[in-house]
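**Q** Sequence first, then the predicted structure:
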Amino acid sequence: MTRTALITGGAGGMGFATARILGRDHRIVLADLDQDRIDKAVSELAALDIDAAGFACDITDRSSVDRLFDAAADGGHHVRAVVHAAGISPQMGTPGRIARINGIGTVNIAQAFLGRAAEGDALVNVASTAGHGVPKLLIPFRAFSRAETDPGAFERAIVARSKVAGKKLRSGLAYGLSKAFVIWYTRFLAADFGRHGARVVSVSPGSFDTAMGQLEKDHGASDLLKSAAIKRFGEPAEIASILAFAASTEPGYLTGTDILVDGGSRAGQEFRKRRKPDPASIER
């Protein structure tokens, strides 16, 4: 039986970079919306002697997600790892669309995998540093707990909470809320996956040099560098190494938690007011 790693949003960015690493010892299945992009990515992996296939999938449609998992397992393959990197940023959609893709899409992927999970399997959800920055008073935890059973109520709650921000900032707040959900939902799922001997982890990237990161460069992503310890955008290979490790069999005791990979931006924000100036930098 061939071990398979399924990567959503795998036709580019951090998803594709992760496929290059996991492809060293896994068969790779890429999922994305655009079949042409998928085919190109599969060809690039094949040129690296990586066994790969790809399928178009709408993660907001549970039946589409189930067909994806069936196709990935066709021929007796076992989907051992899932890296769920598919999602959209604030500049790519309305609050409602962001809630559906980033939130309900994550539910659909997780539930489809949970029904097939076995000992040693792992789900890695891509969250965001934005999910750590939303004030807890704004987070609709009651709607979070209903996301599996009432996705419409979940979406409406995200849209409603986003309206506390100005019109231009609503998609950004909805994005932060959707990623706060991914972090919360990962913890929520830990016991369910654990009953199968499987793990679930989320990873929260900061500002990375991907197509999505560049799209957000002038809409807040560059601002994170002001408080970051590392004053640059991260490289796709740097986040991919974390995603691939979390999805591997090595961290067998790592589950129900989030890994923040933001170049120290959150730490910088937290301790900025407490940091003493470097005496050498003070003009005399």
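**A** Structure received. All values derive from a computational prediction rather than experimental measurement.
**Q** following the helix or strand of the chain with the lowest mean pLDDT, which helix or strand shows up next?
**A** Every helix and strand in the chain was compared by mean pLDDT, DSSP states H and E; the lowest is helix 211-215, with a mean of 57. Downstream of helix 211-215, the first helix or strand assigned by DSSP states H and E is helix 236-247.
**Q** how far does that next one sit from the chain's center?
**A** Averaging C-alpha positions (CA atoms, centre = their mean, to the nearest Å) puts helix 236-247 11 Å from its chain's average.
**Q** The chain should start at 211 in everything you say after this.
**A** OK, 211 is where the count begins now, so the last one is helix 446-457.
**Q** Would you mind pulling up the elements that that helix packs against?
**A** With contacts taken as 3 or more CB pairs under 8 Å, 6 or more residues apart in numbering; DSSP states H and E, helix 446-457 sits against helix 223-232, strand 288-294, strand 332-336, strand 409-415, strand 467-471. C-beta coordinates here come from the backbone N, C-alpha and C atoms, glycine included.
**Q** pull the CA atoms of the third one into CSV?
**A** What follows is strand 332-336 as a C-alpha-only set of coordinates in CSV (Å, rounded to 0.1, in the frame of the first residue of the first chain):
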residue,chain,number,x,y,z
ALA,A,332,-1.9,13.4,10.4
LEU,A,333,-4.0,16.4,9.3
VAL,A,334,-2.2,19.8,9.1
ASN,A,335,-4.4,22.9,8.8
VAL,A,336,-2.9,26.1,7.6
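**Q** Now render the helices and strands packed on helix 446-457 as JSON lines, adding distance to Arg213, mean neighbour count and mean pLDDT.
**A** As requested, these are exported to JSON lines (distance: least, CB to CB, whole Å; neighbours: other CB atoms under 10 Å; pLDDT from 0 to 100):
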{"stretch": "helix 223-232", "distance to Arg213": "9", "mean neighbour count": "24", "mean pLDDT": "96"}
{"stretch": "strand 288-294", "distance to Arg213": "5", "mean neighbour count": "25", "mean pLDDT": "98"}
{"stretch": "strand 332-336", "distance to Arg213": "11", "mean neighbour count": "26", "mean pLDDT": "98"}
{"stretch": "strand 409-415", "distance to Arg213": "15", "mean neighbour count": "26", "mean pLDDT": "97"}
{"stretch": "strand 467-471", "distance to Arg213": "22", "mean neighbour count": "18", "mean pLDDT": "96"}
